[in-house]
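Chemist: Kindly return the folded structure for what I paste below:
(chains A and B)
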Amino acid sequence: MLTVDEVKHIALLARIGLSDTEVETYRKDLSSVLDFFHELGDLVIAEGDADDGIPIKTNDYREDTVEDAGTSCREGIMNIVPVKKDGFVKVRSVF
Amino acid sequence: MILELHEKLKNRETTARALAESYLSRIWEYDGELGAYLTILEEESLRAADFVDEKLARGEEIGLLAGIPGAIKDNMCLTGTRTTAGSKMLDGYVAPYDATAVRKLREAGAVILGKTNMDEFAMGSSTESSAYRPTKNPIDTSRVPGGSSGGSAVAVAADMAVFSLGSDTGGSIRQPASFCGVVGLKPTYGRVSRNGLIAMASSLDQIGTFTKTVEDSAIVFSEIYGYDPLDVTTAESDSKRFEDFLSSDIRGLRVGIPKEYLSDDLDPRVREVTEKAIDRFRSLGAEIIDISLPHAKYALPTYYIIMPSEVSSNLARFDGIRFGVPVDDHESRSAEFGTLLETYLDTRAYGFGAEVKRRIMLGTYALSAGYYDAYYKKAQAVRHLIRKDFAEAYKKVDVIFSPTAPEPAFRFGAKSDDPLKMYLSDIYTVTANLAGVPAISFPIGTVEEDGKALPIGGHLMAGWFDEETMLRAAYAFEQAGVSDPE
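Modeler: As a prediction, this is how the structure comes out:
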């Protein structure tokens, strides 16, 4: 069973604020799912066994150029911005 | 059904507007109770229908989907339309562009009636985790429609759309199709562009279709698949029409039955329907072959490590800065601190529901220092073993058959308190996503419960990019009917 501090730590890493009641609920829920994962622990995988021989598609890269999405797309994006100032997106300072 | 409507439109026996109006009126009549739609696009759909009618009036040729009313799951972007992914986090989000699959439908002239309800961010197997409203199963409204694409399944099942699009990460098209008695297709990973689909788990997500018939699913799938430069995981392919390859002759088709999927603890009623379906395939001349997928039993824990890990990364963007409306007036904390971190914590605490938080935290845990090797890395290795199982199996068989879900539609609240119980709904479907193979659910029979005939779905999987064989098998089954083979 996860401890209260462990749940609080995971929640902080996940950037999710939790109330004390939620911490208790997730302590129980997460622990039961983590127990379920232990089935995998019994599986021993030999070196090279996990190679399925199926080629992995390599990444496609495009030229790093500016493409004009058009006025309507730009307006569409600005319309869903919660806080704007002088045509810019306004967010909280990250410093 | 689509071919029939197409002929009627072409012969001017009906108009696209009349079709759209009749479906809209069904939505107004039944959707208050059923809750399949989150947004109804009355004006827009009638305009799209008129456009098709004008084309016909000018004597122009129209494609098969032109004028056909459909619906889109609310995690796919449709320009100028609210796109919530079933979450409060995106309540005010109006998509500034079309998802590629949606754009293809619109270019084909399809009439989009609305956006359908879903479990929040596609996380769930019952549509109960939608932040807006529950969707009810039209066959028995005390039961769930399955999930996460519950709204899309119900829209088709209750004749509130001819077809719909859903997304499938671990069974989110096939399980609701099974619960609602319709056909649900999840194509091979890489077939349909994910551009404009709000990401859940990028290595598993795939857009697919809900329809009343297998032929219709082939028609809609033919319109939406193909390479897209905006999604590098899409595969290059020839353009073909999958409905052209359907045939009711499946003599000699090799149908594999994985022994792991018909274990003793399967609901005996589901087993009986499944065994009858196997007999049906046999009577159609298919060869039934017992096979083994030795790592199938590890699929569910593997899935529930890989999926939340990708979820925790993909959903980091919903932080009140990049996406989502910031909540920074939280009395208990921000008045005191008001830092950027507090904005994140409060926005995500308020904007996400319980299941989404649970999965983000599970993924965060699985990826955290000290646990990464034991969970994520191990799960990735098992995923390769599962793919290998399939590669081996497809040397012996053409398709693999099983039930879609271990049970018929369950009642509201039956599993919502126990996440693990809910996760078990995906037991037969997640392997197709882990391996990336195509899969389809189609009605194979019903079981009686409280005087209601609850549908059971049969599940076929085929080799990578072999939707053709899979659709052919499902089509032949459907043509033969679901009654006893005698």
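Chemist: C-alpha only now, for contacts and for neighbours.
Modeler: OK.
Chemist: Now do B:R358 against A:A69, distance only.
Modeler: 36 Å (CA to CA, to the nearest Å).
Chemist: would you say B:G184 is within a helix?
Modeler: No: counting by DSSP: H, G, I helix; E, B strand; the rest coil, B:G184 falls outside a helix, being strand.
Chemist: What number of residues are in the vicinity of it?
Modeler: Using other CA atoms under 10 Å in any protein chain shown, B:G184 has 35 other residues around it.
Chemist: Am I right that it is in contact with B:I173?
Modeler: Yes: if you go by CA atoms under 8 Å, B:G184 and B:I173 touch, sitting 5.6 Å apart.
Chemist: Pull up the overlap in contacts between those two.
Modeler: Listed as contacting both B:G184 and B:I173 by CA atoms under 8 Å, 6 or more residues apart in numbering or on different chains are B:208-210.
Chemist: Need those in JSON lines (columns: neighbour count, distance to A:V89 and pLDDT).
Modeler: Listed next are those as JSON lines, based on neighbours: other CA atoms under 10 Å in any protein chain shown; distance: CA to CA, whole Å; pLDDT from 0 to 100:
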{"residue": "B:G208", "neighbour count": "29", "distance to A:V89": "35", "pLDDT": "98"}
{"residue": "B:T209", "neighbour count": "29", "distance to A:V89": "37", "pLDDT": "98"}
{"residue": "B:F210", "neighbour count": "37", "distance to A:V89": "39", "pLDDT": "98"}
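Chemist: Go through those residues and flag which are in strands.
Modeler: B:208-210 (DSSP state E).
Chemist: how about the worst-scoring helix or strand of chain B on mean pLDDT, does it reach chain A?
Modeler: In chain B, no helix or strand scores lower on mean pLDDT, DSSP states H and E than helix B:419-423, which sits at a mean of 85. Yes: Helix B:419-423 reaches chain A (CA under 8 Å from any CA of the partner chain) through B:419-420.
Chemist: list the helices and strands that helix packs on?
Modeler: Packed against helix B:419-423 by the contact rule (3 or more CA pairs under 8 Å, 6 or more residues apart in numbering or on different chains; DSSP states H and E) you find helix A:20-37.
Chemist: list the buried ones in the helix it packs on?
Modeler: Neighbour counts over helix A:20-37 (16 or more other CA atoms under 10 Å in any protein chain shown) mark A:23-24, A:26-27, A:29-34, A:37 as buried.
Chemist: same check, this time on stretch B:39-55
Modeler: B:39-41, B:45-53.
Chemist: Which one of B:R358 and A:A69 is surrounded by more residues?
Modeler: Shown here are B:R358 and A:A69; by other CA under 10 Å, B:R358 has more neighbours (20 against 9).
Chemist: before we move on, what SS does B:P455 have?
Modeler: strand.
Chemist: Let me know how buried it is, in neighbour terms.
Modeler: Counted with other CA under 10 Å, B:P455 comes out at 24.
Chemist: Was I right to think it contacts B:Q175?
Modeler: No: using CA under 8 Å, B:P455 makes no contact with B:Q175, being 11.0 Å away.
Chemist: Mind giving me the packing neighbours of the helix or strand that contains B:V154?
Modeler: Per DSSP states H and E, B:V154 falls inside helix B:150-157. The contact analysis (3+ CA pairs under 8 Å, 6+ apart) places helix B:150-157 against strand B:69-73, strand B:111-116, strand B:163-168, helix B:174-180, strand B:206-211.
Chemist: CA atoms of the helix or strand that the first one is followed by as PDB?
Modeler: Moving toward the C-terminus from strand B:69-73, the first helix or strand encountered (DSSP H and E) is helix B:100-107. As requested, the backbone C-alpha atoms of helix B:100-107 are provided in PDB (Å, rounded to 0.1, in the frame of the first residue of the first chain):
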ATOM      1  CA  THR B 100      -7.600  15.000 -40.900                       C
ATOM      2  CA  ALA B 101     -10.200  12.300 -40.700                       C
ATOM      3  CA  VAL B 102     -12.900  14.800 -40.200                       C
ATOM      4  CA  ARG B 103     -11.700  17.000 -43.100                       C
ATOM      5  CA  LYS B 104     -11.800  13.900 -45.300                       C
ATOM      6  CA  LEU B 105     -15.400  13.200 -44.400                       C
ATOM      7  CA  ARG B 106     -16.400  16.800 -45.100                       C
ATOM      8  CA  GLU B 107     -14.600  16.700 -48.400                       C
END
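Chemist: Tell me if helix B:100-107 is near chain A.
Modeler: No: under the criterion of CA under 8 Å from any CA, helix B:100-107 makes no contact with chain A; the nearest approach is 14.6 Å.
Chemist: That helix to strand B:163-168, inter-axis angle?
Modeler: Angle, helix B:100-107 to strand B:163-168, by axes from the mean of the first three to the mean of the last three CA atoms, to 10 degrees: 170 degrees.
Chemist: List the buried residues for helix B:100-107?
Modeler: B:100-103, B:105-106.
Chemist: still on that earlier bit, which outside residues touch the helix holding B:V154?
Modeler: B:34-37, B:71-73, B:116-119, B:126-127, B:135-138, B:145, B:160-166, B:173, B:176-177, B:180-182, B:210-212.
Chemist: near chain A, from the residues you listed?
Modeler: Okay, of the contacts of helix B:150-157, nothing touches chain A (CA under 8 Å from any CA).
Chemist: which residues in chain B form strands?
Modeler: Under DSSP E, chain B gives strands at B:37-40, B:69-73, B:111-116, B:163-168, B:183-186, B:206-211, B:254-258, B:287-291, B:399-403, B:439-449, B:452-462.
Chemist: The ones you listed: which one's closest to B:A277?
Modeler: B:A277 lies closest, by CA to CA, to one member of the strands of chain B: strand B:439-449, at 6.3 Å.
Chemist: Tell me which residues of the closest one come out buried.
Modeler: B:439-447.
Chemist: just the CA coordinates of it, formatted as CSV?
Modeler: Below are the C-alpha coordinates for strand B:439-449, written out as CSV (Å, rounded to 0.1, in the frame of the first residue of the first chain):
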residue,chain,number,x,y,z
ALA,B,439,-9.9,-5.4,-35.2
ILE,B,440,-13.7,-5.3,-35.6
SER,B,441,-16.7,-6.0,-33.3
PHE,B,442,-19.9,-7.1,-34.9
PRO,B,443,-23.2,-8.5,-33.5
ILE,B,444,-23.2,-12.3,-33.1
GLY,B,445,-26.2,-12.8,-30.8
THR,B,446,-27.9,-11.7,-27.7
VAL,B,447,-28.4,-12.9,-24.1
GLU,B,448,-31.6,-12.5,-22.2
GLU,B,449,-31.5,-10.4,-19.0
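Chemist: Relative to B:L19, how far out is the residue nearest to B:Y97 when sequence neighbours are not counted?
Modeler: Spatial nearest neighbour of B:Y97, chain neighbours left out: B:T79 (4.5 Å); criterion: CA to CA, 6 or more residues apart in numbering or on different chains. Applying CA to CA, the value for B:T79 to B:L19 is 23 Å.
Chemist: B:T116 pairs with what?
Modeler: Beta bridges link B:T116 to B:Y37, B:K73, judged by DSSP bridges.
Chemist: What residues does it make contact with?
Modeler: Neighbours of B:T116 in contact, by CA under 8 Å, 6+ apart: B:36-39, B:71-74, B:149, B:151-152, B:155.
Chemist: How about the contacts made by the residue of the stretch 301-450 of chain B found nearest chain A?
Modeler: Minimum separation of the stretch 301-450 of chain B from chain A (CA to the nearest CA) falls at B:L345, amounting to 4.4 Å. B:L345 sits next to A:12, A:15-17 when contact means CA under 8 Å, 6+ apart.
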